[in-house]
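Peer 1: when you get a sec, could you give me coordinates for this:
(chains A and B)
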Amino acid sequence: DAKTTQPNSMESNEEEPVHLPCNHSTISGTDYIHWYRQLPSQGPEYVIHGLTSNVNNRMASLAIAEDRKSSTLILHRATLRDAAVYYCILRKGYGGSQGNLIFGKGTKLSVKP
Amino acid sequence: DSGVTQTPKHLITATGQRVTLRCSPRSGDLSVYWYQQSLDQGLQFLIQYYNGEERAKGNILERFSAQQFPDLHSELNLSSLELGDSALYFCASSVLAGGSSSYNEQFFGPGTRLTVL
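Peer 2: Reported below is the predicted structural model:
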């Protein structure tokens, strides 16, 4: 399975944008880029996913490099509630592929008031 | 609230004992996954069931087993417990079995914290 590399930790100020990077230089053509986050004392939750084009949803935006070897999760205005560990995960997008998630160490985001 | 329920929330037991963790998936989800989260190993996939059948296995010890029942709830059985089995155990569910159709979001339960003394 292709691996992802993320910084161990990042800090942000409340109400400022946050850009969380992820490198996945060995990504294959069938890999989708998924982001999950884990708030303190909770189970992980889905944030966003994409294949080639940039994606937006109510939680965040995902910017994918043209060569797909890196991506950036963008939180437009960080709140204290966004303090969490963010995981960048690659998943095969074809039928019959394994559905389980392979978690790395993720990026621990701290948000300062 | 993800819609996935796990019981119990906390479990304290002794080495050598056996415990059962229970998970009820979201309504309509056919796939159930079990993950273990410990401080040194992080979040690790254990096993997946889809519509009652074992679908995929990860780093699950032989002392651990799981099953999914006809009503789609799942149980994870941990036996001959060791101190190192102390961890958070998460259950997740999704509609589909695989990572297909580009979208198979997993919904995680709140976890069961197991402490082995």
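Peer 1: what sits opposite residue 13 in the beta ladder?
Peer 2: You didn't say which chain, so I picked chain A. residue A:112 (DSSP bridges).
Peer 1: if you could check chain B rather than the one you did, that'd help
Peer 2: Under the criterion used here (DSSP bridges), residue B:13 is bridged to residue B:116.
Peer 1: now for it, how many residues are close by?
Peer 2: Per other CB atoms under 10 Å in any protein chain shown, the neighbour tally for residue B:13 reads 16. For the C-beta atoms, the positions are set from N, CA and C on the backbone; glycine is no exception.
Peer 1: from residue B:22, how far off is it?
Peer 2: Distance from residue B:13 to residue B:22, counting by CB to CB, to the nearest Å: 15 Å.
Peer 1: likewise residue A:112?
Peer 2: Applying CB to CB, the value for residue A:112 to residue B:22 is 39 Å.
Peer 1: so which of these two has more stuff around it?
Peer 2: residue B:22 (15 against 11).
Peer 1: the more buried one belongs to a strand?
Peer 2: Yes - membership of residue B:22 in a strand is supported by DSSP: H, G, I helix; E, B strand; the rest coil.
Peer 1: contacts only, for the spatially closest residue to it that is not a sequence neighbour.
Peer 2: Leaving aside its sequence neighbours, residue B:22 sits nearest to residue B:7 (CB to CB, 6 or more residues apart in numbering or on different chains; 4.9 Å). By CB atoms under 8 Å, 6 or more residues apart in numbering or on different chains, residue B:7 lies in contact with B:21-22, B:112.
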